[in-house]
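Peer 1: predicted model follows, preceded by the sequence.
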Amino acid sequence: MGRLSKDKVHLHLWPCKDPEIPKATGCYINVKEIDKLYAQYEPLGVIHPEGKLEEKPWRMKQFSILDNNGNIIHFGERVNAL
């Protein structure tokens, strides 16, 4: 079991013996200043191989990380409409 905290956000995680379950689950956290957050996580080597920071068609700029148990955590920030 683990707990991650940053500012006022707290995540509680627990281990799963079935490695297939984390592949189909995850959480999405809306943030502000996503570029700064990505700059903190990128050097740690936790960015999902297909989760680099990018703007998505659904007007979210987002990236994804993997924790040490394979859980995926997505971070996103709303992109202002033109």
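Peer 2: Arrived safely, thanks for sending. Residues are numbered from 1 along each chain as shown.
Peer 1: can we go C-alpha only for contacts and neighbour counts from here?
Peer 2: Noted.
Peer 1: what are the ranges of the helices in this structure?
Peer 2: Applying DSSP state H to the chain gives helices spanning 34-41.
Peer 1: what's across from the nearest residue to residue 47 once chain neighbours are set aside in the sheet?
Peer 2: Leaving aside its chain neighbours, residue 47 sits nearest to residue 65 (4.3 Å; criterion: C-alpha to C-alpha, 6 or more residues apart in numbering). Residue 65 has these beta-bridge partners by DSSP bridges: residue 47, residue 73.
Peer 1: gap between residue 65 and residue 32?
Peer 2: 17 Å (C-alpha to C-alpha, to the nearest Å).
Peer 1: the more surrounded of the two?
Peer 2: Between residue 65 and residue 32, counted using other C-alpha atoms under 10 Å, the more crowded position is residue 65 (22 against 11).
Peer 1: verify the stated contact: the more buried one with residue 53.
Peer 2: No: counting by C-alpha atoms under 8 Å, residue 65 does not reach residue 53; the two are 10.3 Å apart.
Peer 1: report the buried residues of stretch 33-53.
Peer 2: Using 16 or more other C-alpha atoms under 10 Å as the test for burial, stretch 33-53 gives 34, 38, 47, 48, 51, 53.
Peer 1: check those and tell me the two furthest apart.
Peer 2: Farthest-apart pair in the buried residues of stretch 33-53 is 34 and 48; separation 15.6 Å (C-alpha to C-alpha).
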